[in-house]
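Engineer: please find the sequence and the predicted model below.
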Amino acid sequence: MVIVAASINTRFVILETSQARSSADIDALARSGLALAAAKITARENLQQVAGSFSARFDNGMIDGSYRNSAGLVDINTATIELLDAVFAYSGMVSAQRRRALAGRVVDWRDDDGQRILDGGDELDNYSDPLNPTPKNGPFSSVLELAQVPGFTEDERLRLDRLLTVSAGIGTVHPVLIHPGILAAISGISDDGVRRLKQLNVGDSDQILEIAASEPAIEGLVSQAISVSWQIEMSLSLANDKTKNVVATIAFVPNDHRLFRVIEMDTR
């Protein structure tokens, strides 16, 4: 019995060691991939380039990845209520009154001004929960923190996850990267503007800029400003034939001694 127990324990130790090594390989390969993406971004000849791809072979595996500037996402720390309302509508929220209320709550939650944005009878409902009597009054550090803002369902947060960011640092969206459907949902656009936007695809930047110039409701929400942060997606192929997908956000922060800062990273 003692020998059997020792044998089982040995197998457990071998298994745990193997898993630890596999995890270390994944982490090392992911770090190499982020460093490669950062190098590609900083070395691009055209500074207006907002997307690209990269690949490399390392001793511990292969990396295939892509990068996109975060200016294609709506930053919940800087976006106007109008832009938040539009991205909520694009994600499938039907009620205009509820969308506006949720957009107001997001702004209340992030802005350190001690004021609340009134939305009629919803003001009392916003903060009636005794566990959340006042706005946070501080910027979001993750899109996941929307779970702390009263009113969002789990399904809504999941649909919004890939449309939002907390690190773009700008209150506008880029015409090359933004989905025209989000712009078409902005309140106040003419019927002709909505129709034209719905006919476009992501990347139709010239047409988007042309429409924005003729539509006061979106003119100030679209610009070619580049964010300091970038969205990275990678497929990691390890030497043991395992494959992992990594989604990360990195930022180039001025006066930071590091080449880049990892804002978020998720390995699946």
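Structural biologist: Good, I have the coordinates.

Engineer: check the secondary structure at L197 for me.
Structural biologist: Following DSSP: H, G, I helix; E, B strand; the rest coil, L197 is assigned to helix.

Engineer: next: I211.
Structural biologist: Assigned by three-state DSSP, the conformation of I211 is helix.

Engineer: so what's N245 up against?
Structural biologist: Applying Cβ atoms under 8 Å, 6 or more residues apart in numbering to N245 gives the contacts 233-236, 267-268. Placement of C-beta: from N, CA and C, glycine included.

Engineer: need the worst-confidence member of the residues you listed.
Structural biologist: pLDDT across these is at its lowest for R268, which sits at 83.

Engineer: so it touches K244, yeah?
Structural biologist: Yes. Assessed by Cβ atoms under 8 Å, R268 is found in contact with K244 at 6.9 Å.

Engineer: including secondary structure, distance to A38 and neighbour count, could the contacts of N245 go into a markdown table?
Structural biologist: Output for the contacts of N245, formatted as a markdown table (DSSP: H, G, I helix; E, B strand; the rest coil; distance: Cβ to Cβ, whole Å; neighbours: other Cβ atoms under 10 Å):
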| residue | secondary structure | distance to A38 | neighbour count |
| --- | --- | --- | --- |
| E233 | strand | 14 | 16 |
| M234 | strand | 12 | 25 |
| S235 | strand | 18 | 15 |
| L236 | strand | 16 | 24 |
| T267 | strand | 18 | 14 |
| R268 | coil | 21 | 6 |
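
Engineer: output those in TSV, with distance to L177 appended to each entry.
Structural biologist: Compiled in TSV, the contacts of N245 are given as follows (distance: Cβ to Cβ, whole Å):
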residue	distance to L177
E233	14
M234	19
S235	21
L236	25
T267	24
R268	23
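
Engineer: among the residues you listed, which one lies nearest to A89?
Structural biologist: Nearest to A89 out of the contacts of N245 is E233 (Cβ to Cβ; 25.9 Å).

Engineer: ok, that closest one - contacts?
Structural biologist: Residues near E233 by Cβ under 8 Å, 6+ apart: 65-67, 245-248.

Engineer: ok, now how distant is it from G65?
Structural biologist: Going from E233 to G65 by Cβ to Cβ, to the nearest Å gives 6 Å.

Engineer: which residues do the two both contact?
Structural biologist: V246.

Engineer: grab the nearest non-local neighbour of the most centrally placed residue in the chain.
Structural biologist: Nearest to the mean C-alpha position of the chain, by Cα atoms, centre = their mean, lies T165 at 3.5 Å. Leaving aside its chain neighbours, T165 sits nearest to L73 (4.0 Å; criterion: Cβ to Cβ, 6 or more residues apart in numbering).
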